[in-house]
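Asks: Test case, fold it:
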Amino acid sequence: MTALSILPGTAEGPVVASGEPLSFWGGVDPATGRVIDVHHPLNGQAITGAVLMMPSTRGSCTGSGVLLDLVLSGRGPAALIFSEPEDVVTLGALIASEMFGHALPVLRLPLDDFAALARETQARIGADAITAGGLSLPVLPPATASLDLTNDDHAMLAGRDGEAVAQAMRIICAMAAQQGAERLIDVTQAHIDGCIYASPANLTFARKMVSLGASVRVPTTMNAISVDRENWRAQGVPPDFGRPAQRLADAYVAMGCRPTFTCSPYLLDSAPGSGEAVAWAESNAVIYANSILGARTAKHPDFLDLCIAVTGRAPLAGVYLDDQRAARRIIDIDLPHAPDDAFWPLIGWLAGRLSPDRIPLLRGLAPARPDADALKALCAAFGTTSAAPMLHVQGVTSEAGHVAPDADRRRITAADMAEGWRLLNDAPDGIDLVALGSPHASLSECRALADGLAGRRVQVPTIVTAGRDTIDRARAEGVLDRLEAAGVQVLPDLCWCSISRPVFPERTRTLMTNSGKYAHYGPGLSGCAIRFGNLDQCIGAALTGQAAKDLPGWIGR
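Replies: You can find the predicted model right below:
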């Protein structure tokens, strides 16, 4: 019985354990240290000072920023213990130690040892052992990888290109060691997720890198930010939030990042092609890039995305490697008759729950002929409930034939769909807000909304978030005018996972969305009840203030 030290340190505290992964972004409140994911078994429990145990994390790449803020504010766990490889909060703990001098031990245990320790109430982590009750587990030192670095890598580490590059390379090499990488690879582009003002720690890190002279060396796009960069003052956003959120965005622009401000970078003209090695953060974007575009990127945590962008180098590990892209679980789906657009996010959410720790192959979906918007919704919802960086869809995605010989099998039935629908619709029928564009809406989705409204005016606030590029195209096509004439507000820069009050209407108690991603994260992030449905149902709610009461016909009763 042994534990592997991922990041060294000593700690002691109560054991808080769960057999289910957790996304720190949207799952833990950095201001209180409490779990806010209403779908998680630990909902409502404080993790401050705890020896926190879970198989791994899932969901958003921004979890590293939340963990860093928890550590810097004194609200963090005493230690993190996983049973599977984990990158996101491990990177947050690494940054806390490497750049700010706050050590947080991170360890990995075999399943049997993990289960034994999870039954204890208190644990102490020493330099060479974990003790709890009558249990004692030796701790092996952190893995050291003998990285095959190029001469250029060594020169960057030695400070040839300045302290920011050297700091970034130290972080990359440390992550490469814990991932078991043997060398680094070049990437052609990056996408930054750390520009969301998830907590003050995000700004602290960015300003530190700016002060060190950081500048990206590969084309780098930016995720949605936390304010409408030009209009937040007019929108009534409090300066104590608006200013640091804008400064965070400005810091990344100052480092050479392109101010795209979208969580759907695959909609941009710069989207990568098949086989292209890139460094993207933002969970839905990573899953779409790997699965649908056939590009290659790990699910890079916030902060590591910038480190890779300023060096152009990433650890050669995970789904950058052919053998790591194989499906290890086959999920057969009982395709209903004539499913509508809500089917795709629902299936993504259910598939993630069935495959939280491995890449799945989804079978049975091809006859429904999913378009790009359907696949976008599928990937985004999958990313909320699974830690896997990609999925395959038989007959649809290019690598669907890549299945591990020992892949196991699961099934999603009509009964599972009905239960999932009910879990995502535990809310009243009266709707105060319709929330669309999570991830950012595509031009075709904006067109469909305008067509569905057909000149009618919404009766409750209806907000669409979209990237600047999409909004410009919608304006040129006349779609934006049609939406605004119907009373729909179209917001740039923000996304629903970062929107805050008062841009998020203050009086909202129950909202409706067609996004599986926001249906999952929304209750914890907004404090509101959520109804989930297809676009037509969202339009109906926008016009009447009422959500449909029944299950959709394609699920049955």
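
Asks: Show me the shaky parts of the chain.
Replies: Low-confidence segments of the chain (pLDDT under 70): 1, 143-145, 557.

Asks: Locate the residue of it with the greatest distance from its centre.
Replies: Most distant from the centre of the chain: G134, at 38.4 Å, with distances by C-alpha atoms, centre = their mean.

Asks: Would you state the strands of the stretch 1-150 of the chain in chain order?
Replies: 3-7, 11-17, 28-29, 34-35, 51-53, 79-82, 106-108, 122-125, 129-132, 135-140 (DSSP state E, counting those that start in this stretch).

Asks: make that the stretch 401-550 of the chain, sorry
Replies: Under DSSP E, counting those that start in this stretch, the stretch 401-550 of the chain gives strands at 403-412, 433-441, 462-466, 489-491, 510-513, 529-532.

Asks: Centre of the chain to the first one, how far?
Replies: Relative to the chain's own centre, strand 403-412 is displaced by 25 Å; criterion: C-alpha atoms, centre = their mean, to the nearest Å.

Asks: got it, and the second one?
Replies: When distances are taken as C-alpha atoms, centre = their mean, strand 433-441 is centred 16 Å away from the chain's centroid.

Asks: Quick one: list the elements packing against that strand.
Replies: Using 3 or more C-beta pairs under 8 Å, 6 or more residues apart in numbering; DSSP states H and E, the elements in contact with strand 433-441 are helix 372-385, helix 443-453, strand 462-466, strand 510-513, helix 516-526, helix 535-544. In short, each C-beta sits where N, CA and C put it, glycine included.

Asks: And the residue nearest to the spatial centre of the chain, its phi and psi?
Replies: By C-alpha atoms, centre = their mean, the chain has its centre lying nearest to S60, at 1.9 Å. Per-residue torsions, S60: phi -70, psi 140 (degrees, to the nearest 10).

Asks: shouldn't it be in contact with V28?
Replies: No: counting by C-beta atoms under 8 Å, S60 sits too far from V28 to count as a contact (10.8 Å).

Asks: what's the distance between the residue nearest to the centre of the chain and P461?
Replies: Distance, S60 to P461, using C-beta to C-beta, to the nearest Å: 25 Å.

Asks: likewise V227?
Replies: Taking C-beta to C-beta, one finds V227 at 18 Å from P461.

Asks: neighbour count winner among these two?
Replies: More crowded of V227 and P461, by other C-beta atoms under 10 Å: V227, with 26 against 19.

Asks: Let me see the ranges of the strands in the stretch 251-400 of the chain.
Replies: 279-280, 313-315, 327-333, 360-363, 392-393.

Asks: quick one, which of those strands is packed in tightest?
Replies: Of all those, strand 279-280 has the most neighbours on average by mean count of other C-beta atoms under 10 Å, namely a mean of 32.

Asks: Neighbouring strands - and their directions - for that one?
Replies: Paired strands of strand 279-280, with direction, are strand 190-192 (parallel) (DSSP bridges).

Asks: quick one: contacts of the partner strand?
Replies: Contacts to strand 190-192, defined as C-beta atoms under 8 Å, 6 or more residues apart in numbering, come from residues 216, 218-223, 252, 257, 265, 278-282, 285, 305-306, 308-309.

Asks: I'd like the next helix or strand past that strand.
Replies: Next along the chain after strand 190-192, taking DSSP states H and E as the criterion, comes helix 200-211.

Asks: right, and the helix or strand after that following helix?
Replies: Next element after helix 200-211 (DSSP H and E): strand 220-222.

Asks: just to revisit the earlier point, which ChimeraX command selects the buried ones in the contacts of strand 190-192?
Replies: With 16 or more other C-beta atoms under 10 Å as the criterion, this ChimeraX line picks the buried residues out of these:
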select :216,218,220,221,222,223,252,257,265,278,279,280,281,282,285,305,306,308,309
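
Asks: ok, the closest residue to the residue nearest to the centre of the chain other than its chain neighbours to I555 distance?
Replies: Leaving aside its sequence neighbours, S60 sits nearest to W25 (C-beta to C-beta, 6 or more residues apart in numbering; 3.7 Å). Using C-beta to C-beta, W25 is found at 30 Å from I555.

Asks: ok, now V503?
Replies: Per C-beta to C-beta, V503 is found 34 Å from I555.

Asks: contacting residues for the residue nearest to the centre of the chain?
Replies: Here S60 is in contact with S23, F24, W25, G26, V88, D193, E282, S283, G383, C497 (C-beta under 8 Å, 6+ apart).

Asks: Correct me if wrong: the last one contacts K517.
Replies: The reference is to C497. Yes: using C-beta under 8 Å, C497 is in contact with K517, at 7.4 Å.

Asks: In contact with the residue nearest to H402 when sequence neighbours are not counted, which residues are there?
Replies: Nearest residue to H402, sequence neighbours excluded (C-beta to C-beta, 6+ apart): A326, at 4.8 Å. Residues near A326 by C-beta under 8 Å, 6+ apart: I359, H402, V403, A404, A407.

Asks: what's the neighbour count on the residue nearest to S60?
Replies: Neighbours of W25 (other C-beta under 10 Å): 29.

Asks: pretty sure it is in contact with R58, am I right?
Replies: No: applying C-beta under 8 Å, one finds W25 not in contact with R58, separated by 10.4 Å.

Asks: Tell me how many other residues crowd G395.
Replies: G395, neighbours per other C-beta under 10 Å, totals 12.

Asks: Skip the chain neighbours and tell me the closest residue to it.
Replies: A366 (3.0 Å).

Asks: What of L424?
Replies: In space, and not counting its chain neighbours, L424 is closest to F532: 4.2 Å by C-beta to C-beta, 6+ apart.

Asks: Would you mind measuring from the one you found to E506?
Replies: For F532 relative to E506 (C-beta to C-beta), the value is 22 Å.

Asks: Over to D334?
Replies: Counting by C-beta to C-beta, the gap from D334 to E506 is 42 Å.

Asks: now swap in A285 and tell me
Replies: From A285 to E506 the distance is 30 Å (C-beta to C-beta).

Asks: got it, and A214?
Replies: 38 Å.

Asks: who has more neighbours, these two?
Replies: A214 (26 against 9).

Asks: count of neighbours near G455?
Replies: Neighbour number of G455 under other C-beta under 10 Å is 9.

Asks: Dump the strands of the stretch 1-150 of the chain to JSON lines, plus mean neighbour count.
Replies: JSON lines is the format used below for the strands of the stretch 1-150 of the chain (neighbours: other C-beta atoms under 10 Å):
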{"stretch": "strand 3-7", "mean neighbour count": "20"}
{"stretch": "strand 11-17", "mean neighbour count": "19"}
{"stretch": "strand 28-29", "mean neighbour count": "24"}
{"stretch": "strand 34-35", "mean neighbour count": "20"}
{"stretch": "strand 51-53", "mean neighbour count": "26"}
{"stretch": "strand 79-82", "mean neighbour count": "25"}
{"stretch": "strand 106-108", "mean neighbour count": "25"}
{"stretch": "strand 122-125", "mean neighbour count": "20"}
{"stretch": "strand 129-132", "mean neighbour count": "19"}
{"stretch": "strand 135-140", "mean neighbour count": "15"}
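
Asks: can you list these in TSV and add distance to Q246?
Replies: Below are the strands of the stretch 1-150 of the chain laid out as TSV (distance: least, C-beta to C-beta, whole Å):
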stretch	distance to Q246
strand 3-7	33
strand 11-17	36
strand 28-29	23
strand 34-35	28
strand 51-53	33
strand 79-82	32
strand 106-108	33
strand 122-125	40
strand 129-132	44
strand 135-140	44
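
Asks: Among those, which comes closest to W421?
Replies: strand 34-35 (24.1 Å; C-beta to C-beta).

Asks: I'd like to know which elements that closest one is packed against.
Replies: Using 3+ C-beta pairs under 8 Å, 6+ apart, strand 34-35 sits against strand 28-29.

Asks: what about the helices in the stretch 51-200 of the chain?
Replies: Using DSSP state H, counting those that start in this stretch, the helices found in the stretch 51-200 of the chain span residues 63-73, 88-100, 111-118, 151-157, 163-179, 200-211.
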